[in-house]
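Asker: Just need the structure, nothing else, for what follows:
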Amino acid sequence: MNDIKISVVCLTYNHKNFIRRALEGFVNQETDFPFEVIVHDDASTDGTADIVREYAEKYPDIIKPIYQPENIYSKGINARTDVIAPIIKGEYVALCEGDDYWTDNNKLQIQYDYVKAHPECAMCVHQATFHDCITNKDSLLPELTESRIFTIDELIATGGGSFANNTVFTKKNVYTDIPECLAVKSFGDYQRIINGALNGTVYYIARNMSTYNFGAAGSWTQTTMFKNTKAVEHCDEVIRMLNTFNEAYDYKYDSAVKKAVAKYEYDKLKYQGRFFASKKEPYREYYLADKEENGLLKCFVRSLFFRYDFLNAVYGKIKGRN
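Answerer: Modelled structure (predicted):
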């Protein structure tokens, strides 16, 4: 255990109904090298920490728990950079949050073998099952059936949803050393993928080895993206990050950045209930894709709901209720 090759990072908060499956996915990995799993519990109130303790006692050489006495996310402290990054022992970092899980016991070995054989590779990802906890439907993310290298322009343009977070396997410095122009405390997936491409190649393995739960109780998606005022703030933050990154790199990736900014501006219009305002350029391709996937009537009804929710939240803030 003095020669840790991989540090698995698992952030968890109120994931009582999910964390056991995540932990099982870790301890069942079959590798020819030692690895550690850093599980950061951010003061869960539902018994998540008790389950983590159970596994830490059973697998002390693997599970390395951190129990926060108070929730640090609410205080603006970034667990990834401020708490976990300084204690990582592995050459590489693999990610899986407490509400997701791995389904292939050879996942770590497969990704490790690839990056060791290809030292130019800074990040390795793979296909995952995208499980929508709201509709209880499954799909593939991404649907690509062939393994290949992704360019940085592709990764910038497609945003943080290019791959499931629990498929990321990266060099330690990609995780720990985020450029200042990409440093945002409230989220981390998008800039980490960009940073991977800045440090080498990003290789995609067309093998489904995990399940990503979208909209799970207690998830970042549910607490942020399902609340429209917070979702609008998130879009603004991503846009600012992209513009700062664009300037810092002398507009080298300007076309991809503009495409990504347009996507987040489109999302912002939706969260504000301004669906039909998004028919214009440069948002039109996203409007047409949304319309084709969901139908015009559904999009219109959704925009009305968003608008009501957004205005009601604003009114609440004005009245001092939120």
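
Asker: Next up, the contacts around the residue nearest to residue 267 when sequence neighbours are not counted.
Answerer: Using C-beta to C-beta, 6 or more residues apart in numbering and skipping the chain neighbours, the partner closest in space to residue 267 is residue 235 (5.3 Å). Any C-beta I mention is one placed from the backbone N, CA and C, and that applies to glycine too. Contacts for residue 235 were tallied using C-beta atoms under 8 Å, 6 or more residues apart in numbering; they are 264-265, 267-268, 271.

Asker: Over to residue 150?
Answerer: Taking C-beta under 8 Å, 6+ apart, we find residue 150 in contact with 162, 197, 202-204.

Asker: In terms of pLDDT, where does residue 220 sit?
Answerer: The score at residue 220 is 48. That number is its pLDDT.

Asker: how far away is residue 114 from residue 8?
Answerer: Separation of residue 114 from residue 8 (C-beta to C-beta, to the nearest Å): 17 Å.

Asker: quick one, which of those two is more surrounded?
Answerer: Higher neighbour count among residue 114 and residue 8: residue 8, with 27 against 16, using other C-beta atoms under 10 Å.

Asker: Name the residues linked to the more buried one by a beta bridge.
Answerer: Judged by DSSP bridges, the bridge partners of residue 8 are residue 37, residue 94.

Asker: from what I can see it touches residue 35, true?
Answerer: Yes: here residue 8 lies in contact with residue 35, judged by C-beta atoms under 8 Å, at a distance of 6.3 Å.

Asker: intersection of neighbour lists for the two?
Answerer: With C-beta under 8 Å, 6+ apart as the test, residue 8 and residue 35 both reach residue 108.

Asker: Need the CA coordinates for stretch 89-96. PDB is fine.
Answerer: Provided in PDB are the C-alpha atoms of stretch 89-96 (Å, rounded to 0.1, in the frame of the first residue of the first chain):
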ATOM      1  CA  LYS A  89      -1.200   9.400  -3.200                       C
ATOM      2  CA  GLY A  90      -1.800   7.900  -6.600                       C
ATOM      3  CA  GLU A  91      -0.200   8.700  -9.900                       C
ATOM      4  CA  TYR A  92      -3.700   8.800 -11.300                       C
ATOM      5  CA  VAL A  93      -7.200   9.800 -10.100                       C
ATOM      6  CA  ALA A  94     -10.500   8.100 -10.800                       C
ATOM      7  CA  LEU A  95     -13.800   9.700 -10.000                       C
ATOM      8  CA  CYS A  96     -17.100   8.300  -8.800                       C
END
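
Asker: Can you tell me what sits against that stretch?
Answerer: 4-10, 22, 25-26, 35-36, 102, 108, 111-112, 115, 165-166, 168-172, 174-176, 210.

Asker: gap between it and the chain center?
Answerer: 15 Å (C-alpha atoms, centre = their mean, to the nearest Å).

Asker: pLDDT (mean, whole number) over stretch 286-304?
Answerer: The average pLDDT within stretch 286-304 is 72.

Asker: what does stretch 259-278 give?
Answerer: Taken as a whole, stretch 259-278 carries a mean pLDDT of 84.

Asker: Which parts of the stretch 51-200 of the chain are strands?
Answerer: For the stretch 51-200 of the chain, applying DSSP state E, counting those that start in this stretch gives strands covering 63-67, 92-95, 101-102, 121-132, 137-141, 148-150, 169-171.

Asker: would a markdown table of those with mean pLDDT and distance to residue 15 be doable?
Answerer: Shown next, in a markdown table, are the strands of the stretch 51-200 of the chain (pLDDT from 0 to 100; distance: least, C-beta to C-beta, whole Å):
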| stretch | mean pLDDT | distance to residue 15 |
| --- | --- | --- |
| strand 63-67 | 98 | 14 |
| strand 92-95 | 98 | 15 |
| strand 101-102 | 98 | 10 |
| strand 121-132 | 96 | 14 |
| strand 137-141 | 94 | 20 |
| strand 148-150 | 96 | 29 |
| strand 169-171 | 98 | 21 |
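
Asker: Take those and lay them out in JSON lines including distance to residue 281.
Answerer: Converted to JSON lines, these look like this (distance: least, C-beta to C-beta, whole Å):
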{"stretch": "strand 63-67", "distance to residue 281": "47"}
{"stretch": "strand 92-95", "distance to residue 281": "36"}
{"stretch": "strand 101-102", "distance to residue 281": "41"}
{"stretch": "strand 121-132", "distance to residue 281": "29"}
{"stretch": "strand 137-141", "distance to residue 281": "28"}
{"stretch": "strand 148-150", "distance to residue 281": "26"}
{"stretch": "strand 169-171", "distance to residue 281": "36"}
